[in-house]
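Q: the following block contains a protein sequence and its predicted model.
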Amino acid sequence: MHTDKTIAAVSTAYGRGGVALIRISGKEAFAVASSLFTPKKIPFDKITPRRAVFGDICHQGRIIDSGLLTLFPASSSYTGEDTAEVSCHGGMLLTSLVLEAALDGGAVLADKGEFTFRALMNGRLSLSQAEAIPDLIDAQSVDKLRLSADNAGGAMEKRLADLRQRLTAVISSTYAFIDYPDEDLTELSVPDMTAILEELKQQTASLADSYRTGRAVCEGIKCTIAGRPNTGKSSLLNLLCGEEKAIVTDEAGTTRDVLEETVPLGRVLLRIRDTAGIRESDNRIEQAGIARAMDKIADASLVFFVLDASSPLTEEDERLASLLVTQGKEVIAVLNKSDLPGRIDKDRIRALFPRTVETAAKNGRGKEELAACVDELYNTAILDDGGEIVSTARLCAALRQASEDIAQAISALKEGFTQDIAALSLENALASLTDSTLRETADDIIQDIFSRFCIGK
């Protein structure tokens with residue numbers, strides 16, 4: 001990141017289009033803009049901030065286009081710095097020449113997410129707001145779009161600010177009574193303090209728990225389709241994708257490699273991996289596919305265990321079922337070929353895997369039932385409650401740590417320790433919930449967050 005330099009980048013998508021926008025931000029943004037843009041009717045220094053003006057765009061002293069320029073002083077810009085935005089026609093060559101003119105005028109090319117990084121550093125955004133922006137841009141579902149828009153708009157930051165304020169009030173009340181015993185201050189009693197902390201612990205833990213839903217909607221769930229050969233795994237993949245992604249034949253062992261697709265199912269985004277049928281085999285290629293299948297099962301957050309409902313359970317079915325139970329995986333048993341006469345022991349399967357869905361993938365049946373089961377598993381109903389939902393692992397971890405620190409403070413009080421001792425744990429909880437502390441101590445986290453951004457944002 002070029003924190004002390006004026007930066008420039010194309011902020012619209014790369015390619016041919018009607019309009020392109022080049023953004024310039026930094027102390028010399030207006031000077032850079034003046035080197036490439038000449039207003040038609042007024043001098044440059046008479047431009048009204050935040051109002052677009054029409055003029056000529058120049059490259060190496062020659063007019064190459066007519067467009068618009070908008071100047072944003074630091075006090076009213078996205079980045080918290082002087083910012084200029086040049087709008088030109090969206091030809092690829094034209095856009096690159098306008099950017100080149102900005103670089104010739106003294107700017108440097110912005111890094112990924114550098115405009116938003118500067119907004120964060122200048123207090124225009126919180127870290128939770130900044131994290132939501134790439135999710136907003138990449139949204140593949142209405143739920144992800146709404147959740148990201150809420151968080152980018154500051155809904156999560158307001159919730160965190162409320163938690164911080166209430167924690168701060170408890171800490172300051174405790175220390176004030178100890179430090180100024182002669183003042184007419186009301187002591188926060190141990191029972192009252194404990195009651196407040198119990199509520200804060202529950203709220204931070206509940207917010208952290210919402211990440212299960214937020215992750216499913218925003219990041220997606222690693223889901224492996226597994227089972228013995230010829231149970232209909234590839235047919236299930238095709239059903240979920242809505243098109244033929246995998247070859248389907250009556251011959252067992254057709255799938256040798258792992259097929260990966262990202263598809264929405266219900267309100268959840270699934271990162272699906274269709275794998276080779278798991279069985280004993282002497283074929284080296286099939287063995288390699290089975291080994292990869294086992295790796296994908298171990299790596300999965302969710303497994304669709306596909307069984308042939310038209311035949312009894314086999315030893316291969318039993319071995320894989322035992323493995324899934326031993327690994328403690330989230331499993332949905334998919335009883336496929338349910339349009340044929342049933343011979344599978346459904347009670348046995350439901351005893352092992354309470355979440356069981358019947359499908360006839362080749363005939364297009366069972367997708368809605370499977371979607372409902374996945375939605376229930378990841379509690380997507382809370383998306384309609386209007387509450388804040390955590391969508392990043394970083395914030396979930398911070399909330400978990402805060403909840404644990406508050407629990408330590410409660411334990412200290414119950415064990416007879418003084419309130420100032422308990423307050424030490426509360427200070428740790430407060431640090432976990434404070435974005436500024438993260439900015440100061442975790443540069444690697446900051447870099448990871450902004451690596452997801454595109455250049456120009």
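A: That came through, no problem. A quick note: this is a predicted structure, and the numbers were derived from the prediction, not measured. Residues are numbered from 1 along each chain as shown.
Q: what sits up against stretch 139-159?
A: Under the criterion C-beta atoms under 8 Å, 6 or more residues apart in numbering, residues 126, 128-129, 131-133, 135-136, 207, 214, 217-218, 262, 264, 267, 269, 380, 383, 388-391, 395, 435 lie in contact with stretch 139-159. In short, each C-beta sits where N, CA and C put it, glycine included.
Q: to clarify, my last question referred to stretch 214-222.
A: Counting by C-beta under 8 Å, 6+ apart, residues outside stretch 214-222 touching it are 135, 141, 143-144, 147-148, 262, 267-271, 273, 299-302, 378, 380, 383, 389-393.
Q: okay, buried residues for it please.
A: Buried residues in stretch 214-222, counted by 16 or more other C-beta atoms under 10 Å: 214-222.
Q: roughly how far apart are L200 and S210?
A: Per C-beta to C-beta, to the nearest Å, L200 is found 16 Å from S210.
Q: who's in contact with I42?
A: By C-beta under 8 Å, 6+ apart, I42 lies in contact with V53.
Q: quick check: pLDDT value at it.
A: Here, the pLDDT recorded for I42 equals 96.
Q: any figure for the gap between it and V53?
A: Here I42 is placed at a distance of 7 Å from V53 (C-beta to C-beta).
Q: also V86?
A: Here V86 is placed at a distance of 11 Å from V53 (C-beta to C-beta).
Q: overlap in contacts of those two?
A: 68-69.
Q: quick one: which of the two has more around it?
A: Counted by other C-beta atoms under 10 Å, V86 and V53 do not tie: V86 has more neighbours, with 28 against 18.
Q: my read is that one is in a strand, agree?
A: Yes - counting by DSSP: H, G, I helix; E, B strand; the rest coil, V86 is located in a strand.
Q: so who does it touch?
A: V86 neighbours (C-beta under 8 Å, 6+ apart): 21-22, 24, 33, 36-37, 57, 67-69, 98, 102.
Q: contacts for stretch 309-322, please.
A: The contact list for stretch 309-322 (C-beta under 8 Å, 6+ apart) reads 226-228, 278-280, 305, 307, 335-338, 340-346, 348-349, 352-353, 358.
Q: repeat that for 6 Å
A: For stretch 309-322, the external contacting residues (C-beta atoms under 6 Å, 6 or more residues apart in numbering) are 228, 278-279, 335, 337-338, 340, 342-345, 352.
Q: coming back round to it: just give me the closest of the buried residues of stretch 214-222 to S451.
A: Nearest to S451 among these is E219, at 15.0 Å by C-beta to C-beta.
Q: torsion angles phi and psi at the closest one?
A: The phi and psi values for E219, taken as degrees, to the nearest 10, are phi -90, psi -30.
Q: what about it, distance to T262?
A: From E219 over to T262 the distance is 11 Å, taken as C-beta to C-beta.
Q: ok, now S451?
A: 20 Å.
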